[in-house]
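Asker: Coordinates for the following, if possible.
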Amino acid sequence: MIKRVLGLTVVVILIGLVGVYVLSARQTAPKSGAGAQPATTAADVSKMPLVNVTIAQIKPELLTEWQDFQKNETIPMLQKAGVKQRSAASTVVGPAFQYVFLTPAANLAARDGDSPPVKALGQDGARAYGQKNRRFIDSQRTYVVRVRTDLTYQPDPNAQLPVAVVSEYSLVPGHTADFENYIKADLTAAHKQLKTGGFAVYQPLFGGDGNGFVVVTMVHNFAELDQGPAITRAFGQARAAAVQQKLAGIVAHVERTISREVPELSFHPRMVSENR
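Answerer: Numbering: from 1, shown residues only. Just a heads-up that it's a prediction; the model follows:
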């Protein structure tokens, strides 16, 4: 939140998207500088949040009907099944009619039980739901990713940042640590200097490229993108060129898309103030 690392031409997220791609680390990562791992302490990646990602390509002629189906049947079904939140995003620069959904996962063991449609509707109801749903789908793929809270930089987790640039990196084998160092030493430093809305980092575990990362940069609007890359703006052309040269030996491929949060297809836990 992409078609190789996550299969997202998103995420995502995240968020955040876009927010998809939002479920985004806005909802799961500790605020930078408050609860983040100290630089001298190795982060325990295994304890970081998991996210389920579903990327659906919708048949163009059925898009409006599918959106109504999501609002009127899918969201109520998920909520009845106990799913607490879902972030939705649509790809606006990249594959058309593509949507990405992110839901938090407590662990992989949760997949041993019944699926949400079975929990909410029973076996017969789940079969009927599946038949309706499949009519809209041109293709669909699911992934499990980890939110790298140690690499994520989000100064204000509650900021409204509905547009996301999703950079999907496939790494040269053996260079994971080098890429993580680039995030910490170069990318984070640039975003902190510019006081941007930040970015979330996802690491695919299952369903896609196991040797890659997805970096989801959140912005207020498309006009922000006209300003150029954060590293160039913060440090100038010379350092940006040096960073790019360094990445040439680390990154085998990168693909960027832009996504926008879709609030009407998302839901989240109701806060106390919302229940009054």
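Asker: Need the pLDDT of residue 158.
Answerer: Per-residue pLDDT puts residue 158 at 87.
Asker: got it, and residue 276?
Answerer: On pLDDT, residue 276 comes in at 46.
Asker: close enough to count as contact, residue 267 and residue 86?
Answerer: Yes: here residue 267 lies in contact with residue 86, judged by C-beta atoms under 8 Å, at a distance of 5.7 Å. C-betas here are computed from N, CA, C, even on glycine.
Asker: between the two, what contacts are shared?
Answerer: 75, 78 (C-beta atoms under 8 Å, 6 or more residues apart in numbering).
Asker: More neighbours: the two, which one.
Answerer: residue 86 (22 against 18; other C-beta atoms under 10 Å).
Asker: Let me know whether the more buried one touches residue 266 as I believe.
Answerer: Yes: counting by C-beta under 8 Å, residue 266 is a contact partner of residue 86 at 5.8 Å.
Asker: joint contacts of these two?
Answerer: Counting by C-beta under 8 Å, 6+ apart, residue 86 and residue 266 have no common neighbour.
Asker: And stretch 99-117, what's buried?
Answerer: Judged by neighbour count (16 or more other C-beta atoms under 10 Å), stretch 99-117 contains these buried residues: 99, 100, 101, 102, 103, 104, 105, 116, 117.
Asker: Retrieve the pLDDT associated with residue 88.
Answerer: pLDDT for residue 88: 97.
Asker: who's in contact with it?
Answerer: Counting by C-beta under 8 Å, 6+ apart, residue 88 touches 17, 20, 99, 100, 101, 261, 262, 263, 265, 266.
Asker: Save those residues as CSV, and put in secondary structure and pLDDT too.
Answerer: Converted to CSV, the contacts of residue 88 look like this (DSSP: H, G, I helix; E, B strand; the rest coil; pLDDT from 0 to 100):
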residue, secondary structure, pLDDT
17, helix, 40
20, coil, 43
99, strand, 97
100, strand, 96
101, strand, 97
261, strand, 95
262, coil, 97
263, helix, 96
265, helix, 98
266, coil, 97
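Asker: hmm, which two among those are most spread apart?
Answerer: Of all pairs drawn from the contacts of residue 88, the widest gap by C-beta to C-beta lies between 100 and 263 and measures 14.1 Å.
Asker: Number of residues surrounding residue 120?
Answerer: So residue 120, with other C-beta under 10 Å, has 19 neighbours.
Asker: tell me the secondary structure for it?
Answerer: The three-state assignment at residue 120 reads helix, by DSSP: H, G, I helix; E, B strand; the rest coil.
Asker: Wait, it touches residue 77, no?
Answerer: Yes: at 4.6 Å, residue 120 counts as touching residue 77 under the criterion of C-beta under 8 Å.
Asker: returning to what we had before: from the contacts of residue 88, which is closest to residue 255?
Answerer: Closest to residue 255, out of all of these and judged by C-beta to C-beta, is residue 100, at 14.3 Å.
Asker: can you map out the helices along the stretch 51-200 of the chain?
Answerer: Assigned helices in the stretch 51-200 of the chain, in chain order: 63-69, 75-80, 116-134, 176-182, 188-194 (criterion: DSSP state H, counting those that start in this stretch).
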